[in-house]
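Peer 1: need a structure here:
(chains A and B)
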Amino acid sequence: MPDEFLIAEDLHKSFNEHKAVNGVSFTIHRGEIFGLLGPNGAGKTTTIRILSTVLEPDSGDVSIGGHSVRREPEAVRSIIGVCPQELALYPEFSAVDNLVFFGRLVGLTGKDAHSQAMAHLELMGLRERARGKVDKFSGGMKRRVNLAIALMGHPQLLFLDEPTVGIDPQSRNKIYETIQGLRHGGMTILYTTHYMEEADHLCDRVAIMDGGVIVAMDAPRALKSQIGPPDQVSLEDVFLKLTGRSLRD
Amino acid sequence: MARALTVALREVRAFLKDRADLAFSLLLPIAIFAISYGAFGGQMEFRGTAHVVNEDEGGKYSTLLVEALRDVDNLNVDELSAEDANRKLDRSDLLMVLFIPEGFSAQLASGEQAQLIFKRRGNGGEDGQIVASIVSGVAGEMAAQFQVLSQVENALAGTGISQHRIEVTVEEWMEEERQNPVVTVREDIVGVERDPVDEFLPGIVTMFILFAITISARMLVEERKKGTLERLLTTRLTAGELFLGKFLANVGRGLIQTLILFLLAYAVFQMFTPLSFVETLVVAFFFTAAVSAIGLIIGSLASSEDQATWIAVFFTMVMVMLGGTFFDITEGSVFYTVSKMSVSTYANDALKTIMVDKGGLADVGLELGVLAGVAVVGLFLARSLFKVVPGGR
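Peer 2: Prediction:
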């Protein structure tokens, strides 16, 4: 039986009358890339905020590496890394200074933070630009710095919230390679994206959310096989079949 | 604590990296100080202009009178024609003009009574009255010298002593009298003699530190806007450490600026003893801490940078008004009671006690206690009001 690293049980979260997350339960196994898919407003961001201890659920709980997000949020934060969809960087600082700063906040010494920062920038193909100010970087380079920051402290569970949105194919490819490398290194990853091909290609399993609930969860191939021959249908077909074609704001 | 210091250090580095921000924040207090000193400092001493129409042109005594007026410190003499003077008086361009009538010198020389005429518009204006008083004094002194000279000449008539010798001797006596007058006047100032620098520097320092409210209020909102706020709080950094870091950064920044301002004041105006320098910095530290905490409360409640800025500006303006920055508040008045609601009042009082009244920290215990209390309570209040995201921790 695979090692369950993250167990989310019956999560609920409402804002005023709106139920953003309504009874979400799932598990993520150690070393797995788990995709969380859904249209805008499906509840993905709220779910990730609960998992990353930013939001407290109204009810339900999540165990990450054996620690409850409700009772031991600090222990949870010590084993997770978050790469938000927004470029959460300090543009006036250099790439390495950004990484070192966040490295210090995850508990690294100055020396360790610097050596990890340089290693992660190397991994992202940015070693030559380590001293460059981030606000002079291209969109793709900023995305790679954004991801590199999340790797500081070698987290056991990595949250990647649309890490490839709006970037060039080369940067996207570099990020794919990095994610696959991290998986091979044993890191557990929760991945959200609007690119279905990306999820199909990278994720071991995916959960499709809509209206605050999980409407389907399985390996991409298994999901595709529910609506046709897996080699002839795409994950996008499954997504649209489950979530409908109406526009979401 | 180490993580809070990491946050504080990043803020200070960001401040130092932004050259425009750095230059502006350091030049601002100097500019405000210079403007205030220029605007109010000169009023400590009268400077005026005597507008004179000399219709006794070429006359010995009228020329002497005009020269004597030119010798008066801080008094300019503006000679103009009678026509010009009358026109300007009609148009109220001038409020008081001294006319030296034709024959003035001849009348004096012949022993007749001579007359000076002040033409004025209304009461001649405050400056005009002061100038008239100065002119009367100078004319009186000249008349006294003339009378002494006449009487000595009469007394020595027929002794063979030359007219020139008499004039020189009388002039020497008069000069000696001017240098060593029989009657002297001493001015005793009740209370403390206040230098304009002493008078305005405490208020300027107070107002300047109050700007820290806006900077402090924007810190959290800027992090939220950048998206880094949420990211910071998914690291091991706690919200308490984040607040402490921001708080320390703002206090550090405020202190650096205040230190530079005080060093300049010391260099330019030779203010402070080493002890009063340190004591003033201690007051500035407590006040910076208090306003930083108030700024963090605003930052915790504001949802946008504009909102944070305007709320902070509002409080800054109110505190500048209430704190007695540019004017003294009468003790016992309603305004005095209301001013006690503002932390700037306590800072201003403490700074004045040390900088102007030459008191010490022991004399400002109450003020420091209030400022420290506001800092501590404000910091906790800001933390309790803060949410990373709506509905979040």
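Peer 1: A:Thr53 in helix, strand or coil?
Peer 2: With DSSP: H, G, I helix; E, B strand; the rest coil as the basis, A:Thr53 sits in coil.
Peer 1: tell me which element the residue nearest the centre of chain A falls in.
Peer 2: Nearest to the mean C-alpha position of chain A, by CA atoms, centre = their mean, lies A:Leu160 at 2.0 Å. Using DSSP states H and E, A:Leu160 maps to strand A:157-161.
Peer 1: That strand pairs with which strands?
Peer 2: strand A:80-83 (parallel), strand A:188-192 (parallel) (DSSP bridges).
Peer 1: what's the spacing between the top helix by length along chain A and its chain's center?
Peer 2: Using DSSP state H to define each element, chain A has its longest helix at helix A:169-184. Chain-centre distance of helix A:169-184: 13 Å, with CA atoms, centre = their mean, to the nearest Å.
Peer 1: Could you give me the buried positions within that helix?
Peer 2: For helix A:169-184, the neighbour count (16 or more other CB atoms under 10 Å in any protein chain shown) marks A:171-172, A:174-175, A:178-179, A:182-183 as buried. (C-beta placed from N, C-alpha, C; glycine too.)
Peer 1: now swap in stretch B:245-265 and tell me
Peer 2: For stretch B:245-265, the neighbour count (16+ other CB under 10 Å) marks B:245-258, B:261-262, B:265 as buried.
Peer 1: pLDDT of stretch B:114-129, averaged?
Peer 2: Averaging pLDDT along stretch B:114-129 yields 84.
Peer 1: before we move on, what about stretch B:334-343?
Peer 2: Stretch B:334-343 comes out at a mean pLDDT of 83.
Peer 1: How about that stretch, which residues are buried there?
Peer 2: Going by 16+ other CB under 10 Å, stretch B:334-343 has these buried residues: B:339, B:342-343.
Peer 1: Same list (these) but as JSON lines, adding distance to chain A.
Peer 2: Formatted as JSON lines, those follow (distance: CB to the nearest CB, whole Å):
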{"residue": "B:Ser339", "distance to chain A": "39"}
{"residue": "B:Ser342", "distance to chain A": "34"}
{"residue": "B:Val343", "distance to chain A": "31"}
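Peer 1: Among those residues, which one sits closest to A:Gly81?
Peer 2: Set against A:Gly81, the nearest of those by CB to CB is B:Val343 (41.5 Å).
Peer 1: what are the phi and psi angles of the closest one?
Peer 2: Torsion angles at B:Val343 (phi, psi; degrees, to the nearest 10) stand at phi -60, psi -30.
Peer 1: For the spatially closest residue to it that is not a sequence neighbour, I want the exact helix or strand it lies within.
Peer 2: Distances taken as CB to CB, 6 or more residues apart in numbering or on different chains place B:Ala290 nearest to B:Val343, at 4.8 Å, with adjacent residues excluded. Element membership for B:Ala290 (DSSP H and E) is helix B:274-301.
Peer 1: could you point out which element follows that helix?
Peer 2: Next along the chain after helix B:274-301, taking DSSP H and E as the criterion, comes helix B:305-322.
Peer 1: so where's the chain shaky on pLDDT?
Peer 2: Since you didn't name a chain, this refers to chain A. Of all residues in chain A, those with pLDDT under 70 make up the ranges A:1-2, A:244-249.
Peer 1: switch to chain B, that's the one I care about
Peer 2: Using pLDDT under 70, chain B drops low at B:29, B:32-33, B:36-46, B:187, B:189-199, B:269, B:326, B:388-393.
Peer 1: sorry, back to before: and the strand holding A:Leu160, how far out from the chain's middle?
Peer 2: Distance, centroid of strand A:157-161 to centroid of chain: 3 Å (CA atoms, centre = their mean).
Peer 1: Please apply the same query to stretch A:94-113.
Peer 2: The answer for stretch A:94-113 is 21 Å, by CA atoms, centre = their mean.
Peer 1: is it true that A:Pro163 lies in a strand?
Peer 2: No - counting by three-state DSSP, A:Pro163 is located in no strand; its state is coil.
Peer 1: Now do it against chain B, distance only.
Peer 2: Look at A:Pro163 and chain B: by CB to the nearest CB, to the nearest Å, they are 13 Å apart.
Peer 1: Give me the neighbour count for the residue in chain A positioned nearest to chain B.
Peer 2: The nearest approach of chain A to chain B comes at A:Glu86, 3.4 Å away (CB to the nearest CB). As a burial measure, A:Glu86 scores 15 neighbours (other CB atoms under 10 Å in any protein chain shown).
Peer 1: Spatially nearest residue to it, not counting backbone neighbours?
Peer 2: Nearest to A:Glu86 is B:Gly227, by CB to CB, 6+ apart, at 3.4 Å.
Peer 1: Please tell me I have it right and the one you found contacts A:Leu87.
Peer 2: Yes - the pair B:Gly227 / A:Leu87 is scored as a contact, 6.6 Å apart, by CB atoms under 8 Å.
Peer 1: which ones are touching A:Ala222?
Peer 2: Residues near A:Ala222 by CB atoms under 8 Å, 6 or more residues apart in numbering or on different chains: none.
Peer 1: one step back: distance to A:Ser63 added to the buried residues of helix A:169-184, as JSON lines?
Peer 2: Listed next are those as JSON lines, based on distance: CB to CB, whole Å:
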{"residue": "A:Ser171", "distance to A:Ser63": "34"}
{"residue": "A:Arg172", "distance to A:Ser63": "33"}
{"residue": "A:Lys174", "distance to A:Ser63": "33"}
{"residue": "A:Ile175", "distance to A:Ser63": "29"}
{"residue": "A:Thr178", "distance to A:Ser63": "27"}
{"residue": "A:Ile179", "distance to A:Ser63": "24"}
{"residue": "A:Leu182", "distance to A:Ser63": "22"}
{"residue": "A:Arg183", "distance to A:Ser63": "21"}
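Peer 1: Could you pull out the strands in chain A for me?
Peer 2: A:4-15, A:18-29, A:33-37, A:59-64, A:67-68, A:80-83, A:157-161, A:188-192, A:205-210, A:213-218 (DSSP state E).
Peer 1: now the stretch 1-150 of chain B
Peer 2: B:48-54, B:75-79, B:96-100, B:117-120 (DSSP state E, counting those that start in this stretch).
Peer 1: Name the strands paired with the last one and say parallel or antiparallel.
Peer 2: Right, the one you point to is strand B:117-120. For strand B:117-120, pairing defined by DSSP bridges yields strand B:96-100 (antiparallel).
Peer 1: residue contacts, residue 99?
Peer 2: Since you didn't name a chain, this refers to chain A. With contact taken as CB under 8 Å, 6+ apart, A:Leu99 is in contact with A:113, A:116-117, A:120-121, A:145, A:148-149, A:152.
Peer 1: meant chain B actually
Peer 2: B:53, B:55, B:82, B:85, B:116-119.
Peer 1: Now residue 223. Nearest residue, chain neighbours left out?
Peer 2: All of this is about chain A. The spatially closest residue to A:Leu223, leaving aside those adjacent along the chain, is A:Val238, at 4.9 Å (CB to CB, 6+ apart).
Peer 1: You answered for a different chain; I wanted chain B.
Peer 2: Setting aside the residues directly before and after it, B:Glu223 is nearest to B:Leu229 in space (CB to CB, 6+ apart), at 4.0 Å.
Peer 1: Relative to A:Ala8, how far out is that neighbour?
Peer 2: Distance of B:Leu229 to A:Ala8, computed by CB to CB, to the nearest Å: 24 Å.
Peer 1: Out of these two, name the residue with the larger neighbour count.
Peer 2: Taking neighbours as other CB under 10 Å, B:Leu229 and A:Ala8 compare with A:Ala8 leading, 23 against 20.
Peer 1: Quick check: residues of chain A near chain B?
Peer 2: Counting by CB under 8 Å from any CB of the partner chain, the residues of chain A close to chain B are A:13, A:15, A:49, A:52-56, A:73-74, A:77-78, A:80, A:82, A:84, A:86-90, A:92-93, A:101-102, A:104-107, A:149.
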